[in-house]
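Enquirer: With the input below, show me the fold.
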Amino acid sequence: AFYGPKIDFTVVDALKRRHQCATIQLDFQLPERFNLSYAPQDSVHGGFARPVIIHRAIFGSVERFFAMILEHTAGKLPLWLSPKQVAILPVSQDQISYAQQVEQELIEKGFCADVDDSDNTLKKKIRQNQLMQYNYILVVGKEEVETSTVNVRSRDNVVHGTKSVQEFMEQLGREVESFQ
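Expert: Down below sits the predicted model:
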């Protein structure tokens with residue numbers, strides 16, 4: 001097929017390979033093949049003109065685009081894009097209902113949250129949820145239940161300390177708004 005001028009956007013992946021990601025190009029062939037025409041506004045004698053089609057593929061292929069995003073972030077998607085944003089880990093069975101309450105509050109605010117109510121040790125729960133690439137891991141024990149707080153850590157095992165649920169949700173909101 002004959003296309004007119006074309007603009008290609010290429011990206012470079014982690015292995016320094018180049019990939020075409022987006023393209024915009026003019027097509028003079030298809031309007032001719034489909035016998036397309038239009039009446040221009042400035043046409044005084046009722047004449048018709050042949051249109052030009054603009055093809056655009058903003059992501060190239062969606063699969064390639066997501067593959068590049070995953071490779072670029074090493075699977076650690078930013079909060080605004082991550083399907084696994086917050087994991088809530090009760091220290092024992094006694095804190096499951098509080099963990100579920102926190103989960104519900106986060107979901108109501110539009111965040112993806114899950115409670116890990118498995119019988120694993122806390123250390124193993126933390127490790128498994130880090131491997132699952134949750135952006136934040138909230139640990140809730142007896143003290144957090146009594147004070148209506150959560151102990152926040154990020155997936156890179158940085159402990160951010162104890163925060164109120166409201167304070168944590170505000171932090172998440174700011175992070176999402178700034179596309180961090």
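
Enquirer: any idea how far the residue of the chain most remote from its centre lies from Trp80?
Expert: In the chain, counting by Cα atoms, centre = their mean, His45 sits farthest out from the average C-alpha position, at 53.3 Å. As judged by Cβ to Cβ, to the nearest Å, His45 and Trp80 stand 55 Å apart. Using the backbone N, CA and C atoms, a C-beta is placed for each residue, glycine as well.

Enquirer: for His55, same thing?
Expert: For His55 relative to Trp80 (Cβ to Cβ), the value is 29 Å.

Enquirer: returning to what we had before: the residue farthest from the centre of the chain in helix, strand or coil?
Expert: Three-state call for His45 (DSSP: H, G, I helix; E, B strand; the rest coil): coil.

Enquirer: where are the low-confidence patches of the chain?
Expert: 1-2, 43-44, 60 (pLDDT under 70).

Enquirer: quick one, strands of it?
Expert: Using DSSP state E, the strands of the chain run over 3-12, 18-27, 53-57, 86-90, 113-115, 136-140, 149-154, 159-164.

Enquirer: how far out from the middle of the chain is the fourth one?
Expert: Computed by Cα atoms, centre = their mean, to the nearest Å, the separation of strand 86-90 from the middle of its chain amounts to 20 Å.

Enquirer: partners of it, with directions?
Expert: If you go by DSSP bridges, strand 86-90 pairs up with strand 113-115 (parallel), strand 136-140 (parallel).

Enquirer: Please identify the most buried of the strands of the chain.
Expert: strand 86-90 (a mean of 26; mean count of other Cβ atoms under 10 Å).

Enquirer: which outside residues touch that strand?
Expert: Outside strand 86-90, the residues that touch it by Cβ atoms under 8 Å, 6 or more residues apart in numbering are 96, 98-99, 102-103, 106, 111-117, 122, 125-126, 129, 132, 134-141, 150, 172.

Enquirer: Check stretch 136-149 too.
Expert: Here stretch 136-149 has contacts from 79, 85-92, 94-95, 98-99, 102, 122, 126, 129-130, 150-155, 162-165, 168, 172, using Cβ under 8 Å, 6+ apart.

Enquirer: Stretch 95-115 now?
Expert: 82-90, 117, 134, 138, 140-142, 144-145, 150, 165, 169, 172-173.
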